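1. Below is the structure, and that's it, no one-letter string:
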């Protein structure tokens, strides 16, 4: 067995090991650019508005990302029963979901077309 | 077996040994699977809103209250666990400083940092609020037929929010007087975070509230 063959075997082992070394990491990320757009619209609302208001939020998000948003639900409200589903489009395909805390104490879920 | 076959067999054996050894080392060094969550702006904005809440309470109390910070953080992270909000765990640093030179000028700033590791180096989110006031002059205003001396002040007031988005500056913060009185308070927004305000000169100071509830005290 010549030196070249030995080097080849070592190289294969090193490459396999380096890929295997990262195999324990699972990356959970959004699948589409639409999701990022809506994520940033929600973030902007949180930064600019002092308090969450469901009708104002709905107008805002549909105004800026109405084509991408397929579902909006209020999951939790600190001082009353949550409103539940605020908006539902006719989209029948897959979706990605963003959950966000809206000050002063509301959790919403926004689904974005996949 | 010929010489070529022996060489091939040896090569396969060597490769198998090296691969098994590599995997054994990897297994021993990383026994727990890890999940990397790709976060975007929402999680950082949620922490910014938490910082803003602390600043609102600090503007009333004159200091950052550890009890408020602890309870509001616990509440947010309870919701984080329950609803899977993916907000990362952070360490915070709060700063409140003020300087007042009699009735001539003064400034106050609130600064909240969130770090995802040790409290040096790059922060994840920073919320910075600063206002500065300066006495300009006096003028006469007629209130219900009475000539009153009003003190005229300039205010510079901004919120700067640092995060994954870069720098986000809020300037028109809709300042309003905290309470009504028989003497109206003059207030006008000039632009770029600058305001002119006027109130009776015999008042020690005048308090304003911004759109988020932060208290801004003008005067010594």
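-> All right, it came through fine. The structure displayed is predicted, hence computed values, not measured ones.
2. how far away is the nearest residue to residue A:58 once chain neighbours are set aside from residue A:75?
-> Nearest residue to residue A:58, sequence neighbours excluded (Cβ to Cβ, 6 or more residues apart in numbering or on different chains): residue A:86, at 5.3 Å. No exception for glycine: its C-beta is placed from N, CA and C like everyone else's. Look at residue A:86 and residue A:75: by Cβ to Cβ, to the nearest Å, they are 11 Å apart.
3. of the two, who's got more company?
-> Higher neighbour count among residue A:86 and residue A:75: residue A:86, with 19 against 16, using other Cβ atoms under 10 Å in any protein chain shown.
4. quick check, that one in a helix?
-> No. Counting by DSSP: H, G, I helix; E, B strand; the rest coil, residue A:86 falls outside a helix, being strand.
5. element containing residue 19?
-> This is for chain A. Assessed by DSSP states H and E, residue A:19 sits inside helix A:3-21.
6. meant chain B, my bad for not saying
-> Element membership of residue B:19, judged by DSSP H and E, is helix B:3-29.
7. which ones are touching residue 100?
-> Picked chain A for this. By Cβ atoms under 8 Å, 6 or more residues apart in numbering or on different chains, the contact set of residue A:100 is A:42, A:46, A:107, A:108, A:110, B:42, B:46, B:85.
8. um, chain B though
-> Contacts for residue B:100 (Cβ under 8 Å, 6+ apart) come out as B:106, B:107, B:220.
9. how about the second one, phi and psi?
-> What it means is residue B:107. Dihedral pair for residue B:107: phi -150, psi 150, per degrees, to the nearest 10.
10. swap in the one 4 residues further on?
-> Backbone geometry at residue B:111, expressed as degrees, to the nearest 10, gives phi -140, psi 130.
11. likewise residue B:203?
-> Residue B:203 adopts backbone torsions of phi -70, psi 140, taken as degrees, to the nearest 10.
12. After the helix or strand bottoming out on mean pLDDT in chain A, heading C-terminal, what element do we hit next?
-> Ranking every helix and strand in chain A by mean pLDDT, DSSP states H and E puts strand A:25-28 at the bottom, with a mean of 68. Counting by DSSP H and E, the element after strand A:25-28 in chain order, helix or strand, is helix A:33-48.
13. quick one: that next one near chain B?
-> Yes. Judged by Cβ under 8 Å from any Cβ of the partner chain, helix A:33-48 and chain B are in contact via A:36, A:39, A:40, A:42, A:43, A:44, A:46, A:47, A:48.
14. Can you go through those residues and name the buried ones?
-> Buried members of the residues of helix A:33-48 next to chain B, counted by 16 or more other Cβ atoms under 10 Å in any protein chain shown: A:36, A:39, A:40, A:42, A:43, A:44, A:46, A:47.
15. Including pLDDT, could those go into TSV?
-> Output for those, formatted as TSV (pLDDT from 0 to 100):
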residue	pLDDT
A:36	89
A:39	92
A:40	93
A:42	95
A:43	95
A:44	95
A:46	96
A:47	95
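16. Closest to residue B:153 out of the residues you listed?
-> Distance to residue B:153, by Cβ to Cβ, is smallest for residue A:47 among those, at 28.1 Å.
17. Pretty sure that closest one sits against residue B:48.
-> Yes. Using Cβ atoms under 8 Å, residue A:47 is in contact with residue B:48, at 6.1 Å.
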